[in-house]
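Asker: next comes the sequence, and after it the predicted model I'd like to discuss.
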Amino acid sequence: MVTTINVPIVQRCQLQEGILEVTCKLHGNEFPYKAGQNIQVTLPSLLFNDPKGKTRTFNILSSPNNSEYISFAFFMSDSGFKKSISQIPENSKIQIKGPFGLFTLPNDNKNLVFITEGVGVIPIIGIILFATEEKLRNNMILLLSGKKDIPYGDDLASIEKINSNLSVKTKIGSITSSFIKNNIKDFKNTLFYLSGTSETISKIKLILLQNGVSIRDLMIEEFIGY
Ligand SMILES: Cc1cc2nc3c(=O)[nH]c(=O)nc-3n(C[C@H](O)[C@H](O)[C@H](O)COP(=O)(O)OP(=O)(O)OC[C@H]3O[C@@H](n4cnc5c(N)ncnc54)[C@H](O)[C@@H]3O)c2cc1C
């Protein structure tokens, strides 16, 4: 069910790889969603002109088990929308509409492999958090790269310590065919999750298809708009 809520921004954090994380307090507003889904975020008004307007789609970063806060994140840029949301006063209410999308966990214990670069890690953080909290038995491998740093690298290392089903492999630079092949032993019986910019997705998708992965085993969340 699609819900619309108006909730205040209570925190903004600038993170590695140019990512800005925004947290809103739910104040008892019910907003059911599945880990990995996305939302439409609308500002009350723009502080800076933006030809694309005052609404953007972002993936949810937080776990659905968090009934107090909802977080999302994006690659910070000079766009009018992003400058506005980074500068509007604390406690300003923004509109959140959703959830949308099918980039969610399966109902079974299939092996899961997440592959992405930079900002594409956002929905995967929510999925891994939720799977860890719920003690899901899926084996999970995350292959993640960053240009200069690994986004959410410290958080992922902490989660990896408490979730023995999770293995995180990182690299600086692009995701390459050899990085994937060195870290994935079984390309069958696995669901592959690809998220991020169109460029990141098409590159990784091609590598997986060349290694015999069926298109039916690909879950894709494409950040159209970059
Ligand atoms: C299903 C879905 C899920 C999505 N989830 C996410 C998500 O979780 N996180 C996310 O970030 N996006 C996500 N997106 C994309 C998001 O909705 C925006 O389209 C995207 O962030 C681009 O934002 P923007 O339009 O503000 O433009 P941007 O591309 O951010 O910026 C546009 C303007 O800023 C300038 N600019 C860009 N980068 C720089 C720079 N480094 N330095 C100086 N100027 C610069 C450009 O020249 C241009 O003028 C998602 C999209 C979809 C469809």
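Answerer: Everything's here; your move. The structure presented is a predicted model; accordingly, all values stated were derived computationally and were not measured.
Asker: what segments of this protein are strands?
Answerer: Using DSSP state E, the strands of the chain run over 3-14, 19-25, 38-42, 55-59, 69-75, 93-100, 111-117, 140-146, 166-172, 190-196, 218-222.
Asker: now render those as TSV, adding mean neighbour count.
Answerer: Where C-beta positions appear, they are placed from N, C-alpha and C, glycine not excepted. Formatted as TSV, those follow (neighbours: other C-beta atoms under 10 Å):
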stretch	mean neighbour count
strand 3-14	14
strand 19-25	20
strand 38-42	20
strand 55-59	20
strand 69-75	22
strand 93-100	18
strand 111-117	24
strand 140-146	22
strand 166-172	16
strand 190-196	23
strand 218-222	18
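Asker: only alpha carbons, please: show stretch 158-174 as CSV.
Answerer: Extracted C-alpha coordinates of stretch 158-174, given in CSV (Å, rounded to 0.1, in the frame of the first residue of the first chain):
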residue,chain,number,x,y,z
SER,A,158,30.7,-4.2,12.2
ILE,A,159,27.7,-6.1,10.7
GLU,A,160,30.0,-8.7,9.3
LYS,A,161,31.3,-9.4,12.8
ILE,A,162,27.9,-10.3,14.1
ASN,A,163,26.5,-12.0,11.0
SER,A,164,28.5,-15.1,10.1
ASN,A,165,26.3,-15.5,6.9
LEU,A,166,27.7,-12.2,5.5
SER,A,167,31.0,-11.8,3.7
VAL,A,168,32.0,-8.3,2.5
LYS,A,169,34.7,-7.9,-0.2
THR,A,170,35.8,-4.4,-1.2
LYS,A,171,38.1,-2.7,-3.6
ILE,A,172,39.1,0.8,-4.6
GLY,A,173,38.3,1.5,-8.3
SER,A,174,35.8,-0.1,-10.5
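Asker: give me the neighbour count for the closest residue to the ligand within the chain.
Answerer: Going by C-beta to the nearest ligand atom, the ligand is nearest to Gly225 of the chain, at 1.9 Å. When neighbours are counted by other C-beta atoms under 10 Å, Gly225 registers 12.
Asker: dump the residue contacts of the residue lying closest to Ser77 once chain neighbours are set aside.
Answerer: Take Ser77 and drop its neighbours on the chain: the residue closest to it by C-beta to C-beta, 6 or more residues apart in numbering is Gly18, 7.9 Å away. Each residue near Gly18 by C-beta atoms under 8 Å, 6 or more residues apart in numbering is listed here: 75-77, 119.
Asker: max pairwise distance over those residues: which two?
Answerer: Checking these against each other with C-beta to C-beta, the farthest-apart pair comes out as Ser77 and Val119, at 10.7 Å.
Asker: those two: which has the busier surroundings?
Answerer: Here Ser77 and Val119 are compared on neighbour count by other C-beta under 10 Å; more neighbours surround Val119, at 23 against 12.
Asker: report the spatially nearest residue to Thr190, omitting neighbours in sequence.
Answerer: Nearest residue to Thr190, sequence neighbours excluded (C-beta to C-beta, 6+ apart): Asn111, at 4.4 Å.
Asker: also Asn65?
Answerer: Leaving aside its sequence neighbours, Asn65 sits nearest to Glu133 (C-beta to C-beta, 6+ apart; 5.3 Å).
Asker: where's the one you found relative to Pro64, distance?
Answerer: As judged by C-beta to C-beta, to the nearest Å, Glu133 and Pro64 stand 9 Å apart.
Asker: more neighbours: those two, which one.
Answerer: More crowded of Glu133 and Pro64, by other C-beta under 10 Å: Pro64, with 21 against 15.
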